[in-house]
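Peer 1: Attaching a predicted model along with its sequence, questions to come.
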Amino acid sequence: MLLVVCGFCMHASAQRTISADEYADLLKGMWAGQLLGNYAGRPVEGATTTYDGYNITEYPIKWDDLATATWRLTNGEVYKSGFWNGDDDTCFEFLYANLLKTNLAPSNAELTALWDTDVKLSEIYVANRQAKLLISTYGKDAGDSGSARYNMHSQWSIDSQITTESLGSLAPGMRGQAADLAGQFGSITNNGLALHTGQFYATMYAHAPFAQDVRDLVDTGLQAVPTTSRTHTIIQSAIDAYQADLDDNGSADGWLDARNAIVDLVSQRGRYRSWVESGINTGLTVLSLLYGQGNARDTIEYAVRGGYDSDCNPATAAGLLGMMKGYDAVVTDLGLETGPDAFEYRPNSSTSLSGNSYTLDQISQTLRQAGEQQILSAYGAGAIVGEGADRTYFLGQAGTGPDQIGPLVEKPPPAGPAGLVGGVLESGGTVQVQTSATNNNPNLDRQDHLTLIDGATDVTYSGAMPYDTYTGSTSPRQDWYQLSFSQPVPFAKVVFHEGDIRWNGINNDPHVVEPLGGYFTDLTVQVLREGIWEDVDNLNFSEELDPLIFFQQIEMTFNPVWGSDIRIIGLAGGSRPYTSCVELEAFAPLAGDINNDGFIDVGDLGILAANWEASSVGWLGGDLDGDGVVDIGDLGILAGNWQGYPSSGQSQVPEPSTMIIFILGGIGLLARRREKVRIHSRAI
C-alpha cells in the first residue's frame, strides 16, 4: 500500500495524513481499476446463467483485451480498441468531479441545471434516463427526479450506486462526508434501498486508503446502511455466507454456493425485477470483494462470473482495490504487460464531456483537486500543508468529524395495520380482504392479498413489491379492493396507498408510451348495505388520480356511514389494464362527531337531541353506536368525548358524568318543548 498513515495503526485517535502524490496515485489506481473491471465484464453484461456456450460462473475473461484497451460486444466482436471508452458509470463520476472541483457544495438548483445542460439522453438508461426526462422535459428538480413518486425505477435500480461510488474517493478518510455526497448526488436518480447501496460504496471508497483488508472495508461500509434496509440484509447475508464458508473448512472455496444463495435471497417473494437492479448486484459485488481477498485479478473474475450487471460490479470492486493499493499494485495483480495508462479515456455521449480525451494522470489530478476542496471544507485551511509534491493532507482522527457516520434514518416495519383494521383485530374481531383478482399466492408479493392489511405503507426500504391485479389481458376491466369486518363499524375515510406500474419498455417514457398498467382511471367508495353496494355521500379526494404519479397516497373522506363491508372500485388503466396497491386503510369518524366537523360540541348535541329515540337515522342523525336507535348509548359516546365549544380556546371540559347530567337535562327540556308544541298544535 502506498498510503502513509502516521501512527494510525498504533493509535486510533492519532491524526491521519496522506501526501498529495500518494493520494493522486490512489485515485489513478481507482480509476484504472474501474476501467479494467468494466472492460473485463462488458462482453457478458446482463448474462445471468449462460453466455456463448459457457456457464456464466465459468466464463473465461479475455485478459489480453485489457492490455490493448479492447472492448468486445456481447457477440464477441471487437467494438472499440486502443482507448478506454467511458461507460455511464465513469462518465457521470467524472462529470461530478469536474463540478466539485470548483463548486464545493452544489445546491439542488445547481444539480438540476447540471443535469439539464450537461447530461444527454444518449447512452443513459433506466433511472438515469427517467431522471433526465423528468428534469429536461417535464420540469422536475433534482430531488423529484429520483423520487419514487415520479421516477418509475428509482426504488430498485442500480443507477445511483454506479454513478456516485467514486465520490467517496473525493473524501478520503471522511466516511460521513462521503455518504452525504453519495446521498445528495444519488438522490437525483434513486431513493431508499437503492440509494443506500450508493452510500455503502462511497463509504468504502472513503475508507479504502485506511482499510486493513477487504473485510474491514466491507464491515465499515455496512455501518452507513440503515439496518432496516433490504440493502443491509443483502450485504450482511453475503458476509455471513462468506464467513460460513470460511468456518466450514478454513478455506473460502464455496463462492458458487454463496453466489447462488444471494440469487435465491433477492428472488424471494418474487422481488427480483431485472439484471440492472440494485439488490442482486450489491450482494454479488460484496462476494467478489470478500472472495477476491484483495487481489484485483481474482476480484474481477468473481465479479464478472457472478453475472447480472457484470461490467459495473467488477468496476466497483476493482476501483475499491485501486483506492486501497494504488495504481502499480492493480497492474501487478492483473499481470498486464502494458499498463492502462498507455491509453486515453474518452467519455461516451452521455454527458457534455463527450468528444474529449484524458490521460489517466489528468483524470487523477482532476479528482485530486476535487478531493482537496472536500478536505478544506471539512478541516479548514490548515488541513493542507506544503506546496506541490510536498503537500500533505491532515485528515483528523478516525471516527470523528466528517469521518463519523450517522445517525441513520431507520424505517422499522409497523407493529400492525392502522385504523379500523387494526382496531377490530386488536379487539378480537376479524377482517378479510378481497380483490377483483382471482390469483392468490401467499409466497409472492404481487399476489399475496394479505399484504394489503399488514400495516406496511412504505416499501422504499423493504423492497416489497406492491400487490397487483395484473393478468396480461388487454380487455377493459373494473377493479376493486374490499375490506370485510366481523362486526358493523362506522366508516368516514379510506386511504388508498397506490402501488407501482409495470413499464412498457424499461427505457421508454411513460408520458409517451402508455404503461401496461398499475393505476385507476376513476375511483369511488362503496359500502354494502342490505346486500347492495351503495356509493358513499359527499366523497372527497386528497389528490386527484394521476397515472404518471406513482405510489400515490389518496385519502377519500365522506359522510360517516355504518357497515361491515367497504370497498374502492373503479376502472383499471394501462395498455393491459390492471391496478396495484400497497395498503388499504379504513378509518372511523371522530367518536361523537355527529356532523363530521372535527369537534364534539353543541352542534352534535343538538342533532342528537332533535333525533332522540328516532330509528334508522344513521350516524349523521346521532346513531353513534350503530344499534339503529338514538338513545342513552349514543349520549354516553357523545358525553365521553365532549370537547365543548371549538371557538373558545379557554373553555373548561366537564367530567363525563357531569356532562351526561347536563345533556340529559338539555334533552328533557327539548322533549318538553316538543310536547308543548304538539299540545299547542292540537289546541289550534
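Peer 2: Arrived safely. Bear in mind the structure is a predicted one, so any value in this text is a computation, not a measurement.
Peer 1: For Ala342, grab the count of nearby residues.
Peer 2: A count of nearby residues for Ala342, using other Cβ atoms under 10 Å, gives 13. For the C-beta atoms, the positions are set from N, CA and C on the backbone; glycine is no exception.
Peer 1: which element is the closest residue to it other than its chain neighbours on?
Peer 2: The spatially closest residue to Ala342, leaving aside those adjacent along the chain, is Ala69, at 7.9 Å (Cβ to Cβ, 6 or more residues apart in numbering). For Ala69, there is no helix or strand it lies in under DSSP states H and E.
Peer 1: what residues are up against Ala69?
Peer 2: Contacts for Ala69 (Cβ atoms under 8 Å, 6 or more residues apart in numbering) come out as 39, 81-84, 340, 342-343.
Peer 1: same thing with Pro412?
Peer 2: By Cβ under 8 Å, 6+ apart, the neighbours of Pro412 are Thr228.
Peer 1: residues contacting Leu395?
Peer 2: Leu395 neighbours (Cβ under 8 Å, 6+ apart): 15-18, 172-174, 375, 379, 383, 403.
Peer 1: Show me which of those residues is closest to Tyr358.
Peer 2: Pro172 (21.3 Å; Cβ to Cβ).
Peer 1: If you tally nearby residues, what's the number for that closest one?
Peer 2: By other Cβ under 10 Å, neighbour count at Pro172 equals 30.
Peer 1: Buried residues, stretch 252-260. List them.
Peer 2: Within stretch 252-260, the residues that count as buried by 16 or more other Cβ atoms under 10 Å are 252, 254-255, 258-259.
Peer 1: Contacts for it, please.
Peer 2: 57, 238, 241-242, 245-246, 248, 284, 287, 290-291, 293, 302, 306.
Peer 1: Looking at the buried residues of stretch 252-260, which are in strands?
Peer 2: Within the buried residues of stretch 252-260, no residue falls in strands by DSSP state E.
Peer 1: returning to that earlier point: if we take the contacts of Ala69, which one ends up nearest to Trp503?
Peer 2: Tyr39 (29.9 Å).
Peer 1: quick one, what contacts the closest residue to Tyr51 other than its chain neighbours?
Peer 2: In this structure, Tyr51 finds its nearest non-sequential neighbour in Val44, 4.7 Å apart by Cβ to Cβ, 6+ apart. Shown in contact with Val44 (Cβ under 8 Å, 6+ apart): 51, 56, 59, 74, 304, 307, 310-311.
Peer 1: Now a PyMOL select for only the buried ones of those residues.
Peer 2: In PyMOL, a selection of the buried entries from the contacts of Val44 looks like this (16+ other Cβ under 10 Å):
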select buried, resi 51+56+59+304+307+310+311
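Peer 1: My read is that Ser484 contacts Val424, right?
Peer 2: No. Counting by Cβ atoms under 8 Å, Ser484 stays clear of Val424, with 10.4 Å between them.
Peer 1: ok, these two, which is more surrounded?
Peer 2: Legend: neighbour count by other Cβ under 10 Å for Ser484 and Val424, higher for Val424 (19 against 15).
Peer 1: And the chain, split by domain according to the record?
Peer 2: 15-403, 419-587, 602-683 (automatic domain parsing).
Peer 1: so where's this structure shaky on pLDDT?
Peer 2: For the chain, applying pLDDT under 70 flags the ranges 1-13, 644-684.
Peer 1: Give me the most central residue, it.
Peer 2: In the chain, the residue lying closest to the centroid (Cα atoms, centre = their mean) is Gly192, at 2.3 Å.
Peer 1: How many residues are close by the residue lying closest to that one once chain neighbours are set aside?
Peer 2: Closest residue to Gly192 apart from its sequence neighbours, by Cβ to Cβ, 6+ apart: Thr460 at 3.1 Å. Residues contacting Thr460 under the criterion other Cβ under 10 Å number 22.
Peer 1: next one: the one 3 residues further on
Peer 2: Number of residues near Gly463 (other Cβ under 10 Å) recorded here: 25.
Peer 1: Contacts only, for the closest residue to it other than its chain neighbours.
Peer 2: Nearest-residue entry for Gly463: Arg230, 3.8 Å, with adjacent residues in sequence omitted and distances by Cβ to Cβ, 6+ apart. The neighbours of Arg230, taking Cβ under 8 Å, 6+ apart as the test, are 193, 279, 461-463.
Peer 1: Hmm, Gln482 is touching Asp565, no?
Peer 2: Yes. Between Gln482 and Asp565 there is a contact at 6.4 Å, judged by Cβ under 8 Å.
Peer 1: So in that sheet, which strands flank the longest strand anywhere in the chain, and in what orientation?
Peer 2: If you go by DSSP E, the chain has its longest strand at strand 478-498. Paired strands of strand 478-498, with direction, are strand 431-435 (antiparallel), strand 553-571 (antiparallel), strand 580-587 (antiparallel) (DSSP bridges).
Peer 1: Need the ones you listed in JSON lines (columns: distance to Arg529 and mean neighbour count).
Peer 2: Converted to JSON lines, those look like this (distance: least, Cβ to Cβ, whole Å; neighbours: other Cβ atoms under 10 Å):
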{"stretch": "strand 431-435", "distance to Arg529": "17", "mean neighbour count": "17"}
{"stretch": "strand 553-571", "distance to Arg529": "6", "mean neighbour count": "19"}
{"stretch": "strand 580-587", "distance to Arg529": "16", "mean neighbour count": "24"}
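Peer 1: Nearest to Gly518, out of those?
Peer 2: Ranking the strands paired with strand 478-498 by proximity to Gly518 (Cβ to Cβ) places strand 580-587 first, at 4.4 Å.
Peer 1: Now do that closest one: distance to the chain's middle.
Peer 2: Put simply, strand 580-587 sits 19 Å off its chain's centre (Cα atoms, centre = their mean, to the nearest Å).
Peer 1: quick one on the thing from earlier: just to be sure, the residue nearest to Gly192 is in a helix?
Peer 2: No. Remark: Thr460 does not belong to a helix; assigned using DSSP: H, G, I helix; E, B strand; the rest coil, it is coil.
Peer 1: Tell me, how many residues neighbour His511?
Peer 2: Close neighbours of His511, defined as other Cβ under 10 Å, add up to 13.
Peer 1: list the contacts for it?
Peer 2: His511 makes contact with 133, 137-138, 548, according to Cβ under 8 Å, 6+ apart.
Peer 1: thinking again about what came up before, need the contact list for the residue nearest to the centre of the chain.
Peer 2: 148, 154-155, 229, 460-461.
Peer 1: where's it relative to Asp247, distance?
Peer 2: Going from Gly192 to Asp247 by Cβ to Cβ, to the nearest Å gives 33 Å.
Peer 1: picking up where we left off before, may I have the phi/psi pair for the residue nearest to Gly192?
Peer 2: Main-chain dihedrals, Thr460, degrees, to the nearest 10: phi -70, psi -30.
Peer 1: for the one 4 residues further on, same thing?
Peer 2: As for Ala464, its main-chain torsions (degrees, to the nearest 10) stand at phi -60, psi 140.
Peer 1: What of the one 4 residues further on?
Peer 2: Recorded main-chain torsions at Asp468 are phi -150, psi 170, according to degrees, to the nearest 10.
Peer 1: For it, which non-adjacent residue is closest in space?
Peer 2: Leaving out its chain neighbours, Asp468 is closest to Ser580 (Cβ to Cβ, 6+ apart), at 3.9 Å.
Peer 1: same thing with Ser575?
Peer 2: Closest to Ser575 by Cβ to Cβ, 6+ apart is Glu514, at 4.9 Å.
Peer 1: related to what we said a few turns ago, from Gly82, how far out is the residue nearest to Tyr51?
Peer 2: From Val44 to Gly82 the distance is 22 Å (Cβ to Cβ).
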